[in-house]
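1. from the sequence below, what's the structure:
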Amino acid sequence: MPQQSLSPALIVDTAMDILDHEGVASLSMRAIAARLDVKAASLYYHVRNKDSVLQAIADRVAGEVNADIDPDTSWRPMLTAMAARLRAILRAHPGVTAVVATKNVSPQVAQQIADRLGPSLAGGLNTTMDRALLLAQSLYVLVAGLALAEFGDVPHEPVAPRAYYDAWFDLAVGTFLDGIDTP
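-> Next comes the predicted model:
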């Protein structure tokens with residue numbers, strides 16, 4: 001692949017592919033460069049380091065979750081959709097689960113999410129925006145933890161049948177949301 005076709009997005013795509021097929025232990029700047037058939041030094045023109053690649057992955061996932069959520073929906077369907085969308089993304093990219101579970105989104109992405117969903121969520125929950133966003137973040141962490149238990153051991157397959165994890169997800173998310181709904 002010619003160096004001029006490199007971009008931050010291509011580097012992140014490649015890193016996600018490595019994570020999905022080989023696991024987090026296999027991700028390095030050298031591995032990304034080898035996959036792209038360039039020298040590792042070429043990557044540094046587009047990304048600062050491995051940590052910035054991991055940050056971009058966490059931000060991309062959060063951005064994809066946020067983009068699919070309707071801010072005009074009431075709070076419970078909004079949070080349910082957020083949880084389901086995050087799980088679907090992590091199921092499609094199981095190697096990314098460890099990154100999402102351990103890397104916070106950048107302040108810029110967090111602010112975009114807060115601006116887009118915070119007012120509606122706070123109004124629907126009849127609480128402050130800070131509290132509403134903490135509840136949403138808590139749900140995000142819960143789902144990431146469940147996903148980590150389910151398929152975070154890439155390249156190994158999950159140890160239990162999918163139906164088990166589906167039931168676990170439904171119970172955990174439902175219980176969390178019921179707790180919010182209880183005065």
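2. could you list the domains of this protein?
-> Following automatic domain parsing, the chain resolves into domains at 3-43, 54-181.
3. buried set for the lowest-mean-pLDDT helix or strand in the chain?
-> The weakest-scoring helix or strand in the chain, judged by mean pLDDT, DSSP states H and E, is helix 40-43 (a mean of 94). Residues of helix 40-43 classed as buried: Ser42, Leu43 (neighbour count, 16 or more other CB atoms under 10 Å). Bear in mind the C-beta positions are built from the backbone N, C-alpha and C, glycine included.
4. next structured bit after that helix?
-> helix 50-67 (DSSP states H and E).
5. what mean pLDDT does that following helix have?
-> Helix 50-67 comes out with an average pLDDT of 97.
6. which strands or helices does it pack on?
-> helix 8-22, helix 29-36, helix 75-92, helix 97-102, helix 107-125 (3 or more CB pairs under 8 Å, 6 or more residues apart in numbering; DSSP states H and E).
7. circling back to that earlier point, give me the contacts around the least confident helix or strand of the chain.
-> Gln3, Leu6, Ile11, Met29, Arg30, Ile32, Ala33, Leu36 (CB atoms under 8 Å, 6 or more residues apart in numbering).
8. now with 10 Å, please.
-> 3-4, 6, 8, 10-11, 14-15, 28-34, 36, 49-50, 53 (CB atoms under 10 Å, 6 or more residues apart in numbering).
9. pull the distance from that helix to the chain's centre.
-> 26 Å (CA atoms, centre = their mean, to the nearest Å).
10. so who does the residue most central in space within the chain touch?
-> Nearest residue to the geometric centre of the chain (CA atoms, centre = their mean): Val61, 3.9 Å. Neighbouring residues of Val61 by CB under 10 Å, 6+ apart: 16, 85-86, 89-90, 93, 96-97, 99-100, 103, 105, 109, 140, 144.
11. could you look up the next helix or strand downstream of the top helix by length along the chain?
-> The longest helix of the chain (DSSP state H) is helix 129-151. Toward the C-terminus, helix 129-151 is succeeded by helix 162-181 as the next helix or strand (DSSP H and E).
12. pLDDT on that next one, on average?
-> Here the average pLDDT along helix 162-181 is 96.
13. now the angle from that helix to helix 129-151?
-> Angle, helix 162-181 to helix 129-151, by axes from the mean of the first three to the mean of the last three CA atoms, to 10 degrees: 170 degrees.
14. buried sites along helix 162-181?
-> Tyr165, Phe169, Ala172, Val173, Phe176, Leu177.
15. all good on my end, thank you.
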